[in-house]
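Participant: Turn this into a model:
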Amino acid sequence: MKTPRPSARLKPLTQLRNLKMARSAHAYVRGSTVQFYQWLHSQPGRRLPNGPAVWICGDCHAGNLGPTGDLKGRIDIHIRDLDQTVIGNPVHDLVRLALSLATAARGSDLPGVVTAKMLEEVMRGYQLAFTDASDEDPPRPAQVKAGMRSAVQRTWKHLAQERIEDARPTIPLGKHFWPLSRQERTALQNLCDSQEIHGLVTSLKGRSKNDRVELLDSAYWVKGCSSLGLSRYAALLGVGDDDDPDYCLIDIKQAVGAAAPRAARAHMPRDNGKRVVEGARHLSPGLGNRMISARMLDQGFFIRELLPQDMKLELDQLSQVEAMRAAAYLARVVGLAHARQMDKGTRAEWIKDLQLNRSRVLDAPSWLWSSVVQLVGNHEIGYLEHCRRYALDAQKD
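Facilitator: So this is what the prediction gives:
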């Protein structure tokens, strides 16, 4: 594949993002954060309950949850993508998750009644996170079990073969990695020579604070969907001595203003990189403690070392049983991220508010059902129009 010059990246990245979003309705939902928040600012979106102001993911679709490792090597399912994190209304995460699960169910050709039952399970799983009844925790769905097994077994070689196609200490240019400008290369060298990067890399279990850290290779990283078009870089580092080197892959991602609405009078870092790191440390401490922020090329970035255990959770071809299990389990993960930020009284009041507006037919609030129905309809229209505008043109080419 011919890689574009650094000055000519924007057009192919925009085309790639549009094609990724055209792959399925579920992919479109994952990549259309701005459209979701446009709906939130509409009259129907304003009728949602006002929860306590806590750090929220801001883009809480199912693909942004998955296995992550912490500094001590422990692995669990957490929120793993926090570009949009703000101090805001936790109900926004709940509705965004429910929307993505509903579109995943539609992609699996499940009947509409399953969506209704999934929303009941979303509420059940979320509320369980606010209780101490661990014996009632929802079981892990098959996709989560499979993801956890893979995460536990993965090594640096798996990560290297997946991300950079080889375990050798180079980053091959091609589909996923593009060349850097001279200015970018110099900036990345200076960043990786910093004490902040040295401290980040050597804080991982099994490494020494005295280990030497050296930049081996770097490239522009073509990764993600909604973030395509922002500055993102991969840096391959060598850690330790030359006789027995350890390698690590650093993800350096530009931080921009969040589309998610923040709570009134919320005090957050003004620097977007610092905001992302702070939100991560509240929502997913194991991940957040592996992140730092930095400024480079007059932009804010947040940075983390990618571990072999950091994986995206894929919910493909769900059965009815697995769909409901996934809804309860993932909602509990989100609930735990919210609950750890609330005191006992705030938790009780928030759960009490969530119990309101339930009908005899559906054991979920009416606002959740009506929100998901409206959003599924809006996104279905948006998805079809998106395909007409971009996928048809790509086929003609």
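Participant: Domain parsing of the protein, as residue ranges.
Facilitator: Under the assignment automatic domain parsing, the domains of the chain span 6-152+313-396, 156-306.
Participant: Strands of the stretch 51-200 of the chain, start to end?
Facilitator: With DSSP state E, counting those that start in this stretch as the criterion, the stretch 51-200 of the chain has strands at 54-56, 65-69, 75-79, 86-88, 177-178.
Participant: what helices or strands is the second one leaning on?
Facilitator: So that's strand 65-69. On a contact count with 3 or more C-beta pairs under 8 Å, 6 or more residues apart in numbering; DSSP states H and E, strand 65-69 meets strand 75-79, helix 142-153, helix 285-288, helix 320-339. C-beta here means a position set from N, CA and C on the backbone, and glycine is covered the same way.
Participant: how about 7 Å then?
Facilitator: Under the contact criterion of 3 or more C-beta pairs under 7 Å, 6 or more residues apart in numbering; DSSP states H and E, strand 65-69 touches strand 75-79, helix 142-153.
Participant: Name the residues of the first one that are buried.
Facilitator: The reference is to strand 75-79. 75, 77-79 (16 or more other C-beta atoms under 10 Å).
Participant: Please identify which of those is nearest to Thr33.
Facilitator: The closest of the buried residues of strand 75-79 to Thr33 turns out to be Ile79 (C-beta to C-beta; 14.4 Å).
Participant: tell me the contacts of that closest one?
Facilitator: Residues near Ile79 by C-beta atoms under 7 Å, 6 or more residues apart in numbering: 57, 60, 64-65, 283-284, 334, 337.
Participant: same thing but at 6 Å, please
Facilitator: With contact taken as C-beta atoms under 6 Å, 6 or more residues apart in numbering, Ile79 is in contact with 57, 65, 283-284, 337.
Participant: Let's see the ChimeraX selection covering just the buried ones among those residues.
Facilitator: Restricted to buried positions by 16+ other C-beta under 10 Å, the ChimeraX selection for the contacts of Ile79 reads:
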select :57,65,283,284,337
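Participant: for the nearest residue to Leu188 once chain neighbours are set aside, helix, strand, or coil?
Facilitator: Excluding the flanking residues, the one nearest Leu188 by C-beta to C-beta, 6 or more residues apart in numbering is Ser218, at 4.7 Å. Under the three-state scheme (DSSP: H, G, I helix; E, B strand; the rest coil), Ser218 adopts strand.
Participant: likewise the one 5 residues further on?
Facilitator: Per three-state DSSP, the local secondary structure of Lys223 is coil.
Participant: any idea how far it lies from Thr85?
Facilitator: 19 Å (C-beta to C-beta, to the nearest Å).
Participant: Of these two, give the one with the bigger neighbour count.
Facilitator: Between Lys223 and Thr85, counting by other C-beta atoms under 10 Å, Thr85 is the more crowded of the two (28 against 15).
Participant: residue ranges with poor pLDDT in the stretch 251-397 of the chain?
Facilitator: Applying pLDDT under 70 to the stretch 251-397 of the chain flags residues 309, 311, 316, 393-397.
Participant: so where do the helices sit in it?
Facilitator: 272-283, 285-288, 320-339, 344-354, 366-386, 392-396 (DSSP state H, counting those that start in this stretch).
Participant: could those helices be laid out in TSV, adding distance to Leu297?
Facilitator: Shown next, in TSV, are the helices of the stretch 251-397 of the chain (distance: least, C-beta to C-beta, whole Å):
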stretch	distance to Leu297
helix 272-283	12
helix 285-288	24
helix 320-339	32
helix 344-354	41
helix 366-386	31
helix 392-396	31
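Participant: Determine which of the ones you listed approaches Asp298 most closely.
Facilitator: Per C-beta to C-beta, nearest to Asp298 of these: helix 272-283, 12.4 Å.
Participant: Which residues outside the closest one are in contact with it?
Facilitator: By C-beta under 6 Å, 6+ apart, helix 272-283 touches 55, 79, 82, 85, 255-256, 268-269, 287-288, 291, 293, 300-302, 337, 341.
Participant: Save the contacts of Ile79 as TSV, and put in distance to Arg207 too.
Facilitator: TSV is the format used below for the contacts of Ile79 (distance: C-beta to C-beta, whole Å):
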residue	distance to Arg207
Cys57	29
Leu65	28
Leu283	26
Ser284	22
Ala337	28
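Participant: Widest-spaced pair of the contacts of Ile79?
Facilitator: Leu65 and Leu283 (10.9 Å).
Participant: Can you tell me the closest non-neighbouring residue to His198?
Facilitator: In space, His198 is closest to Val213, 4.9 Å off (C-beta to C-beta, 6+ apart).
Participant: Equivalent analysis for Arg207, please.
Facilitator: Closest residue in space to Arg207, ignoring its immediate chain neighbours: Val239 at 6.1 Å, by C-beta to C-beta, 6+ apart.
Participant: does that neighbour have beta-bridge partners, and which?
Facilitator: Counting by DSSP bridges, Val239 is bridged to Val213, Asp246.
Participant: quick one: it and Leu249 touch, right?
Facilitator: No. If you go by C-beta atoms under 6 Å, Val239 and Leu249 don't touch, sitting 11.3 Å apart.
Participant: How many neighbouring residues does Leu392 have?
Facilitator: 11.
Participant: Quick check: it vs Ile381, distance?
Facilitator: 16 Å.
Participant: before we move on, the earlier item: which one of the strands of the stretch 51-200 of the chain lies closest to Ser7?
Facilitator: strand 177-178 (11.5 Å).
Participant: partners of the closest one, with directions?
Facilitator: strand 213-221 (antiparallel).
Participant: coming back round to it: so which of the helices of the stretch 251-397 of the chain gets nearest Pro245?
Facilitator: Among the helices of the stretch 251-397 of the chain, helix 285-288 comes nearest to Pro245, with 25.3 Å by C-beta to C-beta.
Participant: what's the closest one packed up against?
Facilitator: Packed against helix 285-288 by the contact rule (3 or more C-beta pairs under 6 Å, 6 or more residues apart in numbering; DSSP states H and E) you find helix 272-283.
Participant: now do 8 Å
Facilitator: By 3+ C-beta pairs under 8 Å, 6+ apart, helix 285-288 packs against strand 65-69, strand 75-79, helix 272-283.
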